[in-house]
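> Can you look at this prediction? I've put the sequence above it.
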Amino acid sequence: QVQLQESGPGLVKPSQMLSLTCTVSGGSITTSHYVWTWIRQPPGKGLEWVGAISSDGSTYYSPSVKSRTSISRDTSKNQIFLQLTSMTPEDAATYYCASGSLFIYDYWGQGTQVTVSS
């Protein structure tokens, strides 16, 4: 069974960059047709799709954050990365890593909470 574990700083200052890691076990991030997705949920709000990277390394981004977002991977470590620059309080959320197809997910990580505050 695939397991995903998000990690990263719980607190980021405004204007700084957020860097998160999703470590995958029980499956390879290069498995064909699989997509690895970052999703966030601000406090009291619904889920927001941030972006994704497919098994062949293609990336997809939400238009709302595309100019500030980079998703990458390290196949040797089986890890997916999210970088979000110019953080604002509106970016505060629980960030999840999920796997499956682009919008349908088989597995989720437990999420990591990110606060944006000086």
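All right, it came through fine.

> mind listing what the worst-scoring helix or strand of the chain on mean pLDDT pairs with, with the direction of each?
The least trusted helix or strand in the chain, going by mean pLDDT, DSSP states H and E, turns out to be strand 105-108, with a mean of 94. Sheet partners assigned to strand 105-108 using DSSP bridges are listed as strand 93-100 (antiparallel).

> What distance do you get for the most centrally placed residue in the chain to Lys77?
Residue closest to the average C-alpha location in the chain (C-alpha atoms, centre = their mean): Trp38, at 2.9 Å. In this view, Trp38 and Lys77 are 17 Å apart by C-beta to C-beta, to the nearest Å. All C-beta atoms are positioned from the backbone trio N, CA, C, and that covers glycine.

> Which pLDDT value goes with Gln1?
pLDDT recorded at Gln1 is 89.

> swap in Ser70?
For Ser70, pLDDT reads 98.

> out of everything not next to it in sequence, what's closest to it?
Gln83 (4.4 Å; C-beta to C-beta, 6 or more residues apart in numbering).

> before we move on, what SS does that neighbour have?
Three-state call for Gln83 (DSSP: H, G, I helix; E, B strand; the rest coil): strand.

> Could I get the buried residue list for the least confident helix or strand of the chain?
By 16 or more other C-beta atoms under 10 Å, the buried positions in strand 105-108 come out as Tyr105, Tyr107, Trp108.

> Could you point out the helix or strand that follows that strand?
Where DSSP states H and E defines the elements, the next helix or strand beyond strand 105-108 is strand 112-116.

> for that next one, packing partners?
strand 11-12, strand 18-25, strand 93-100 (3 or more C-beta pairs under 8 Å, 6 or more residues apart in numbering; DSSP states H and E).
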